[in-house]
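Chemist: based on what follows, work out the 3D shape:
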Amino acid sequence: MSYFQRKYIFPGQQENEKVCLIIRQHWIVLAGQMLFAVLFVAIYFIVSYVLNTYLPKDLLTRYGNVVGLAKDLYLIFLLLGIFLAWVIYYLNVQIVTNQRVVDITQNGLLQHTVSELELSHIEDVTTEVKGFLPTMFNYGDVYIQTAAEKERFVFSHISRPADVQKLILDLYEQLPKQ
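Modeler: So this is what the prediction gives:
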């Protein structure tokens, strides 16, 4: 197998483990964050218009470099915020395999948490869809209950939560009984 061929889909995947499902948050979560970013872009253009229209020209020529620097810094931080929102959205992933559930949570640009749960330790899987938009676009939360120290795995705002619940329970039923 060459260096560029991927044998495993995620780090820590075991030799005989088959990935059944890779889950990310529903796209509407990212769309909501991008809508918030559009609000800040609108603020940028409104402030630029107000400064160019109502600020005296001699004041604008005297402090134009400072105003331009402030506007450029605002745009840089805005683009950084948009990039960070996309990275966190893309890297937050839950993976369901035939043996376990892996939750990879990206907490920031340089920090992530990986949690694992063996399917044999599952006691209950619950879905929750609350509100108009979640019902309309079929997204919600999936809670996986265990007897372990971390009592619940929470998959927030994922697409088709009932299908995910059914898949996890079906995989649990297929496990050899001990």
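Chemist: contacts, neighbours, all on C-alpha from now
Modeler: Fine.
Chemist: any idea how far the spatially most central residue of the chain lies from Gln106?
Modeler: Central residue of the chain (CA atoms, centre = their mean): Tyr89, 2.8 Å from the mean position. Per CA to CA, to the nearest Å, Tyr89 is found 8 Å from Gln106.
Chemist: so which elements touch the host helix or strand of the residue nearest to the centre of the chain?
Modeler: Secondary-structure assignment from DSSP states H and E places Tyr89 in helix 64-91. With contacts defined as 3 or more CA pairs under 8 Å, 6 or more residues apart in numbering; DSSP states H and E, helix 64-91 has these neighbours: helix 27-54, strand 100-106.
Chemist: out of these, flag the one nearest Leu78.
Modeler: helix 27-54 (7.3 Å; CA to CA).
Chemist: quick check: next helix or strand after the closest one?
Modeler: Following helix 27-54 toward the C-terminus (DSSP H and E): helix 57-62.
Chemist: most distant residue from the middle of this structure?
Modeler: Asp58 (47.5 Å).
Chemist: can you tell me how far it is from Ser156?
Modeler: 53 Å.
Chemist: do Gln94 as well
Modeler: 10 Å.
Chemist: same deal with Leu79?
Modeler: According to CA to CA, Leu79 and Ser156 sit 25 Å apart.
Chemist: which one of the two is surrounded by more residues?
Modeler: Taking neighbours as other CA atoms under 10 Å, Leu79 and Ser156 compare with Ser156 leading, 17 against 14.
Chemist: residue contacts, the residue nearest to Tyr139 when sequence neighbours are not counted?
Modeler: In space, and not counting its chain neighbours, Tyr139 is closest to Ser159: 4.4 Å by CA to CA, 6 or more residues apart in numbering. Going by CA atoms under 8 Å, 6 or more residues apart in numbering, Ser159 touches 23-26, 138-140.
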